[in-house]
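Chemist: Sequence below, structure please.
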Amino acid sequence: MNLDAKIPEGDLKDKWSNYQSHCKLINPGNKRKLDIIVVGSGLAGAGAAATLAEGGYNVKCFCFQDSPRRAHSIAAQGGVNAAKNYQNDGDNVWRMFYDTIKGGDFRSREANVYRLAELSAPLIDHFTQQGVPFNREYGGVLSNRSFGGVQVQRTFYARGQTGQQLLLASYAQLSRQIEAKKVQMFSRHEMQDLVIIDGKTRGIIVRDLITGEITRHSAHAVVLATGGYSKVFFLSTLAMGCNGTAIWKSHKKGAYFASPSFIQIHPTALPQINETQSKLTLMSESLRNDGRIWVPIKPGDDRRPETIPENERDYYLERRYPAFGNLAPRDISSRAAKERIDAGCGVGPMKNAVYLDFKDSIQRLGKKVIESRYQNLFEMYQKITGIDAYSQPMMISPAPHFSMGGLWVDYELMTTIKGLYAIGEANFADHGANRLGANSLLQASVDGYFILPLTIGNYLSDEIKTGKISTDHPEFATAEDKVRARIEKVLQCQGNKTVDSLHRELGRVMWQDCAMSRNKAGLEKAIQEIRRLQDEFKNNLKVNGSATEMNPELEKALRLADFLEMAELICLDALQRDESCGAHFREEHQTPDGEALRNDAEYCYVSAWEYRNTGEFSLHKEPLNFEFVKPAVRSYK
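Modeler: Okay, here's the model as predicted:
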């Protein structure tokens, strides 16, 4: 397949306006004839469902949580970026575009990234009008702070709960459309398969997680807004229920999967404290604005942090990256922490953490200022650890977090299957090999609110005369039968391994050989281990209960089946990309001082993988053509 990104003609700053001027429109009367399914109810999904319904479409929205309010967007605490230049510090759309494309190590499309920066400013106005309580300066102007990889202040925030506040605003808009009966909401329902008829997306098969009932739902287009897949590592900052099933089932039906190995390791999570832990807690990157990161210079130093003199502390980010210091990008900061931990300078019970110290900021600004910025984060830290971070340093550690990879989409956010769209973290489009902090909430929001509601009309304009799509079509029956057979096969296996035990094993393999640093031998070993775990899952799994009841173990098993297949592709993608870039760090390709070494001559492309019915994967390449910026050595020193 020829990967046509559908990038509009013209200068970079004119591409989005050119697109809007020439795309097809649908009048409100015709929108009432069209049905759209949105899978996911986080910032991307809720924003899309509410906006599409407001525009006149008939929308069904599905989420596996008991309420859209429990979507994982609430976990993005630190802020949302926008190039408004409120601080008069030299920020603008171009600078934000360049920071983002450089932050992604020049492995993303110029046109998509520029559009992201361009739409950031109106998004803040949009949320302010919805009532989001952004922090404000004394004079009433919205406050800003910095995030990693930038030298300006462009991050808007609501203390340390920005994601929650944005999600509540989007949930209010979604609820309004539910009340108006323009959106049908299906909570506690999980997508199990995609239905394609004559090459076009025509619906989905879902399972009611309370009753186990399998149902069919048809539509003229399906939008996936299901987030990322970092739970493939088991231990991650994602909620336990987060999964990659919807995008993986779509991949196996023909949607190409792009850059699967680009997975971000966040530098600011709470460290693992024992072997039975089931998830890791994210501490916002915003803390790095006022916290200084350090470790003892002496390996194995067990003294209390406050007793270690300044001359015996290594503020390693400030030492290695003086221009950006503690606000170096996430991939670089995580690898730097790993290097210090591997050198024996880690702290904490498992020697797997570094210190994040607020002593200097509290002395300089006062405790009240720090409280006004991060109070809920400090309270959360104390509840979890029992430590008062106002009086002694936090302990933080790198952890799997955001997936830059996802389904391949074009400029319109449509996948390689006609009528199937992927938005937010479910697609690969904007972040390249490393996402800059506070761009996650931004991408999810602009995809759902501003981009998809316009671009989807370009496809649906030709569907007006299609009429209602019947779920009696044989393709719906075939897809439903396959779902039932898959569930029955999982339940029939009477082995002795639990889902969590297999998932933990998978996580250990991925963390060891396909996380912050990778090499050829390790990746090849990981692929063999993953295939062994796939066999274990098929032959030695034990899931109690039935399919006709609420059965969390069955839910987890079905998701793990997809993770096991996805893990193989992640390692395969990391193996074939024989360079270092962003979060993908191949040990064979690094500079003398340990930084990532790109190979633009051979790998300046998006890897887009096709699933073959044989169970194999075929690589397609979308060349990345840089017309307006020149890829350069990514330095933050």
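
Chemist: residue ranges for the strands of the stretch 351-500 of the chain, please.
Modeler: In the stretch 351-500 of the chain, the segments counted as strands under DSSP state E, counting those that start in this stretch are 354-357, 394-403, 406-407, 420-422.

Chemist: Minimum distance to Phe626: which of these has it?
Modeler: When the strands of the stretch 351-500 of the chain are compared by C-beta to C-beta, strand 406-407 sits nearest Phe626, at 21.7 Å. In this view, the C-beta of every residue, glycine as well, is placed from N, C-alpha and C.

Chemist: and that closest one, what's its mean pLDDT?
Modeler: Averaging pLDDT along strand 406-407 gives 98.

Chemist: That strand - contacts with which helices or strands?
Modeler: helix 245-252, strand 257-258 (3 or more C-beta pairs under 8 Å, 6 or more residues apart in numbering; DSSP states H and E).

Chemist: looking at these, which is buried most?
Modeler: Comparing the helices and strands packed on strand 406-407 by mean neighbour count (mean count of other C-beta atoms under 10 Å), strand 257-258 ranks first with a mean of 28.

Chemist: From the contact counts, what lies against that strand?
Modeler: By 3+ C-beta pairs under 8 Å, 6+ apart, strand 257-258 packs against strand 406-407, strand 605-611.

Chemist: Compare those and give me the one nearest Ala75.
Modeler: Between Ala75 and these, the shortest gap by C-beta to C-beta is with strand 406-407, which sits at 17.8 Å.

Chemist: out of the helices and strands packed on strand 257-258, deepest packed?
Modeler: Greatest average neighbour count among those goes to strand 406-407 (a mean of 30), per mean count of other C-beta under 10 Å.

Chemist: ok, residues contacting it?
Modeler: Contact partners of strand 406-407, identified using C-beta atoms under 8 Å, 6 or more residues apart in numbering, comprise 224, 228-229, 247, 250-251, 255-259, 415, 422, 425-429.

Chemist: nearest to Ile178, of the helices and strands packed on strand 257-258?
Modeler: Proximity to Ile178 (C-beta to C-beta) singles out strand 406-407 among the helices and strands packed on strand 257-258, at 26.8 Å.

Chemist: What residues of the helix or strand hosting Val222 count as buried?
Modeler: Assessed by DSSP states H and E, Val222 sits inside strand 221-224. Across strand 221-224, burial judged by 16 or more other C-beta atoms under 10 Å covers Ala221, Val222, Val223, Leu224.

Chemist: Tell me the spacing between the last one and Phe626.
Modeler: With the distance defined as C-beta to C-beta, to the nearest Å, Leu224 ends up 29 Å from Phe626.

Chemist: which residues are contacting stretch 194-202?
Modeler: 203-205, 216, 218-222, 249-250, 253-254, 417-420, 469, 473, 475-476, 479.

Chemist: So among these, which ones count as buried?
Modeler: Applying 16+ other C-beta under 10 Å to these, the neighbour count classes 203-205, 216, 218-222, 249-250, 253-254, 417, 419-420, 469, 473, 476, 479 as buried.

Chemist: re the thing from before, the strand holding Val222 packs against which elements?
Modeler: strand 35-39, strand 200-208, helix 245-252, strand 420-422, helix 452-460.

Chemist: go again using 10 Å as the cut-off
Modeler: Secondary-structure packing of strand 221-224 (3 or more C-beta pairs under 10 Å, 6 or more residues apart in numbering; DSSP states H and E): strand 35-39, helix 43-55, strand 58-62, strand 189-197, strand 200-208, helix 245-252, strand 420-422, helix 452-460.

Chemist: Same list (these) but as a markdown table, adding mean pLDDT and distance to Gln392.
Modeler: A markdown table is the format used below for these (pLDDT from 0 to 100; distance: least, C-beta to C-beta, whole Å):
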| stretch | mean pLDDT | distance to Gln392 |
| --- | --- | --- |
| strand 35-39 | 98 | 44 |
| helix 43-55 | 98 | 35 |
| strand 58-62 | 98 | 45 |
| strand 189-197 | 98 | 43 |
| strand 200-208 | 98 | 47 |
| helix 245-252 | 98 | 42 |
| strand 420-422 | 98 | 44 |
| helix 452-460 | 98 | 46 |
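
Chemist: Okay, the residue lying closest to Thr245 once chain neighbours are set aside and Ile396: tell me how far apart.
Modeler: The shortest distance from Thr245 to any non-neighbouring residue, by C-beta to C-beta, 6 or more residues apart in numbering, is to Asp562 (4.9 Å). Distance, Asp562 to Ile396, using C-beta to C-beta: 30 Å.

Chemist: Compare these two (neighbour count), which wins?
Modeler: Ile396 (26 against 20; other C-beta atoms under 10 Å).

Chemist: quick one: pLDDT of the more buried one?
Modeler: At Ile396, the predicted lDDT confidence score is 98.

Chemist: Can you identify each of the strands in the stretch 501-637 of the chain by residue range?
Modeler: Assignment of strands within the stretch 501-637 of the chain using DSSP E, counting those that start in this stretch yields the ranges 605-611, 617-623.

Chemist: what inclination does the last one have with respect to helix 245-252?
Modeler: Here strand 617-623 runs at 90 degrees with respect to helix 245-252, directions being taken by axes from the mean of the first three to the mean of the last three C-alpha atoms, to 10 degrees.

Chemist: Show me what counts as buried in strand 617-623.
Modeler: Those would be Phe617, His620, Glu622, for strand 617-623 by 16+ other C-beta under 10 Å.

Chemist: could you list every residue that touches the second one?
Modeler: So the one you mean is His620. 1-3, 256, 258, 408, 416, 605-610 (C-beta atoms under 10 Å, 6 or more residues apart in numbering).

Chemist: that older thread, now flag whichever of the buried residues of strand 617-623 is closest to Leu270.
Modeler: Proximity of the buried residues of strand 617-623 to Leu270 (C-beta to C-beta) peaks at Phe617, which lies at 35.0 Å.

Chemist: Identify the residues contacting the closest one.
Modeler: 251, 256-257, 260, 565, 568-569, 572-573, 576, 609-611.

Chemist: who does it bridge with?
Modeler: Taking DSSP bridges as the rule, Phe617 bridges to Tyr611.
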